[in-house]
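In: what shape does this take:
(one chain, ligands or ions: 2)
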Amino acid sequence: MTVYKFGGASVRSAGSFHNLTRILKTQGKEGQLLVVVSAMGKTTNALEALLHLAYQQQDFSSEFANLKDYHLQVLRELLADQEHRAFRRLEHLFELLHNQLKEITPNDNFDKVYDQTVSFGELFSSAILHYFLAEQGIHNTLIDSRKYIQTDSNWREGKVDWAWTERLLRRDVPQLLQQGLVVTQGFLGGTNNGLTTTLGREGSDFSAAIFAFCLDASEMVIWKDVAGLLNADPKHFPDTVRYPEISYQETVEMAYYGASVIHPKTIKPLANKKIPLYVKSFLDPEGEGTKICDCRFEVVAPAYIIKENQCLVSFGVKDFTFISEKNLGTIFNALSELRIKINLMQNSAISFSICTDYNPERLERLMQTLQDQFLIHYNTNLQLYTVKNYNPESIKRIQEGKEVLLEQRTRTTFQIVCR
Ligand SMILES: Nc1ncnc2c1ncn2[C@@H]1O[C@H](COP(=O)(O)OP(=O)(O)O)[C@@H](O)[C@H]1O
Ligand SMILES: N[C@@H](CC(=O)OP(=O)(O)O)C(=O)O
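Out: Ligands and ions are numbered 1, 2, ... in the order given. The predicted structure follows:
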C-alpha cells in the first residue's frame, strides 16, 4: 500500500481540493492508498488564536465566524447540492468547537486544552475531503486517527505507543483498504482514555510516516508546493537546486536544523523499514520530485537552512567559579522539565549559552526556576542559519550583512546565530 500526505497548502481552497482529486485520479497507484490530510491553509494558526482569546476570557465570536465561513464557503463551492449532509456534519463540528472554546477557563492546563481545540482543523478538512471525494466518484472510508494513533498524555507532542498503534491499525485498516481509499487526519493522536493529543506543529508528515510504518507501506508521498526537497527554502533563496535523490540521513539532518519542508520525526520510521519517501509537487504532479531513500549520494550543493524566531539564552555563574558538569546538569534538568529544546549550545569558562525557539511562557518559567543560581541573559528576534556541506563562498554568503552573536562549525556543518 501507499501513503499520500496532503498538507495545508494543498487543501486551502475549493480549487486545491479539485487539484487533489485530479492527483488521486491520475497518479493513483495500482493498489491500496491511504490519504493523510492536514488542516486547510492556515487553520491551525487561526485555531491557536481562537484558543488564546478563549483562554484569556476574551470575545472570540468574530474570529470564530471567519473560520467557520472559510470552511463553509469552500464546501459550498465543492458541492452542488447545498443540502448535502456534509453541511450538517461541518455545522456539528463547529458547534463542538464552540462548546469547547466556551468551556475554557484560565485555570485549565493550557497544553491539554490546546490539543482538544486545535485538533478541529484536521477534523474539518478530513470531513470535507471525505464527502467531496465520494461526490467525485472516489469511494473512500474516513477513519479517525485519534482512535488509531495511540499516545501518552504529553500534550502538544504526544509520544506514540507504537506497539498499540500498530496492533489497532493492522486489525482494521487492511480490510478497509481492500474496499477503496482510506482518508484520515494528520497531526492527531488519542490517549487511552479518549482524549485528543497532537503530535507537534507540522506533525502531519510524521502521522503519515506512522501509518506507513505500521501498515508496511511500499512508499510514502508528501505533496508540497515545491518541486521536491531543495537545497534551501525558495522563499528565502532565489537560486535553489532540487535533490533528485537523497539519503535518509542527509534529510533527517536538514529537517533537524529546521528545513520546514519535512517534519523532523518523519524520517526515522520510514528509514527503519526502508520505505522510500517521495516529495512531490501538487502543482506539477508529473514532475520527478525527490526520492529520499537508503542511498549514499554525494551531496555537492551546500544546503542552507534558516530557523526564525530564535532566542539565545546565557547562564552565567554568580561567583566566578567555572561552569561545571553539576551546573550543566541543573540547567539541562530545567530545560527538560520545561520541554525547551536546544537548537545549538556552547559553553565558555563562566557561562553556558543555548539557542532555542522563542517561547515567552517557557522562557519566563525557566528564569523563575534558575535565576537564583545563575545570571541569566537572553536576546530574542534572532535567526539560526545552518549550512550543511559548506564551502568558503557559502559561509561568506550567509554572513553578509548580519550581526553574528554566536558561531560554530564542524567538518560538515557551519552555524551562526545572528540578526
Ligand atoms: N529545503 C527545502 N526544500 C523545499 N522546500 C522548503 C525547504 N525548506 C523550507 N521549505 C518550505 O517548505 C514549504 C512546504 O512545506 P509546508 O509549508 O510545511 O507544507 P505543507 O504544510 O503544505 O505540508 C515550501 O513552500 C518551502 O517554502
Ligand atoms: N495543521 C497542523 C499539522 C500540519 O502538519 O500541517 P501542515 O501539513 O500544513 O504543515 C499544523 O499546521 O501544524
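
In: could I get the full set of helices for the stretch 51-200 of the chain?
Out: Assigned by DSSP state H, counting those that start in this stretch, the helices in the stretch 51-200 of the chain fall at 61-78, 85-103, 110-118, 120-135, 162-179.

In: so the fourth one versus helix 85-103, what angle?
Out: Interaxial angle, helix 120-135 versus helix 85-103 (axes from the mean of the first three to the mean of the last three C-alpha atoms, to 10 degrees): 170 degrees.

In: please apply the same query to the shortest one.
Out: Taking the same axes, to 10 degrees, helix 110-118 and helix 85-103 form an angle of 160 degrees between their directions.

In: and if you look at the last one?
Out: Angle of helix 162-179 versus helix 85-103, following the same axes, to 10 degrees, is 160 degrees.

In: pull out the buried residues from helix 162-179.
Out: Using 16 or more other C-beta atoms under 10 Å as the test for burial, helix 162-179 gives 165-166, 168-169, 173, 177. To be clear about C-beta, it is placed using only N, CA and C from the backbone, and glycine gets the same treatment.

In: kindly reformat these as JSON lines containing pLDDT and distance to ligand 2.
Out: Formatted as JSON lines, the buried residues of helix 162-179 follow (pLDDT from 0 to 100; distance: C-beta to the nearest ligand atom, whole Å):
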{"residue": "165", "pLDDT": "98", "distance to ligand 2": "18"}
{"residue": "166", "pLDDT": "98", "distance to ligand 2": "21"}
{"residue": "168", "pLDDT": "98", "distance to ligand 2": "21"}
{"residue": "169", "pLDDT": "98", "distance to ligand 2": "19"}
{"residue": "173", "pLDDT": "98", "distance to ligand 2": "20"}
{"residue": "177", "pLDDT": "96", "distance to ligand 2": "22"}
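
In: identify the farthest-apart pair in the residues you listed.
Out: The most widely separated members of the buried residues of helix 162-179 are 165 and 177, with 16.5 Å between them, by C-beta to C-beta.

In: what's the domain layout of the chain?
Out: 2-224, 303-418 (automatic domain parsing).

In: quote the end-to-end distance of the shortest one.
Out: One end of domain 303-418 sits 18 Å from the other (C-alpha to C-alpha, to the nearest Å).

In: can that domain be found next to ligand 1?
Out: No. Domain 303-418 does not reach ligand 1 (C-beta under 6 Å from any ligand atom); its nearest approach is 6.8 Å.

In: that domain: how far from the chain's middle?
Out: When C-alpha coordinates are averaged (C-alpha atoms, centre = their mean, to the nearest Å), domain 303-418 and its chain have centres 22 Å apart.

In: ok, now stretch 228-236?
Out: For stretch 228-236, the distance to the chain centre is 17 Å (C-alpha atoms, centre = their mean).

In: near ligand 2 at all, it?
Out: No. Contact between stretch 228-236 and ligand 2 is absent, the nearest approach being 13.7 Å (criterion: C-beta under 6 Å from any ligand atom).

In: any idea how far apart the tips of that stretch sit?
Out: For stretch 228-236, the first-to-last residue distance is 16 Å (C-alpha to C-alpha).

In: low pLDDT regions in the stretch 201-350 of the chain?
Out: 299-300 (pLDDT under 70).

In: number of residues surrounding the residue of it found nearest ligand 2?
Out: Nearest residue of the stretch 201-350 of the chain to ligand 2 (C-beta to the nearest ligand atom) works out as residue 204 at 3.2 Å. By the measure other C-beta atoms under 10 Å, the count of residues near residue 204 is 28.

In: surely it meets residue 263?
Out: Yes. Between residue 204 and residue 263 there is a contact under C-beta atoms under 8 Å: 7.5 Å.

In: show me which residues of the chain sit near ligand 2.
Out: So far as C-beta under 6 Å from any ligand atom goes, the chain lies against ligand 2 at 7-8, 38-39, 44, 121, 186-187, 201-204.

In: among the residues you listed, who's most crowded?
Out: That'd be residue 186 among the residues of the chain next to ligand 2, by other C-beta under 10 Å, with 31 neighbours.

In: can you tell me how far the nearest residue to it once chain neighbours are set aside is from residue 285?
Out: Distances taken as C-beta to C-beta, 6 or more residues apart in numbering put residue 204 closest to residue 186, at 2.4 Å, once the chain neighbours are dropped. As judged by C-beta to C-beta, to the nearest Å, residue 204 and residue 285 stand 19 Å apart.

In: so what's residue 28 scoring on pLDDT?
Out: Per-residue confidence at residue 28 stands at 69 (pLDDT).

In: ok, and the closest non-adjacent residue to residue 24?
Out: Once flanking residues are discounted, residue 24 sits nearest to residue 138: 6.2 Å by C-beta to C-beta, 6+ apart.
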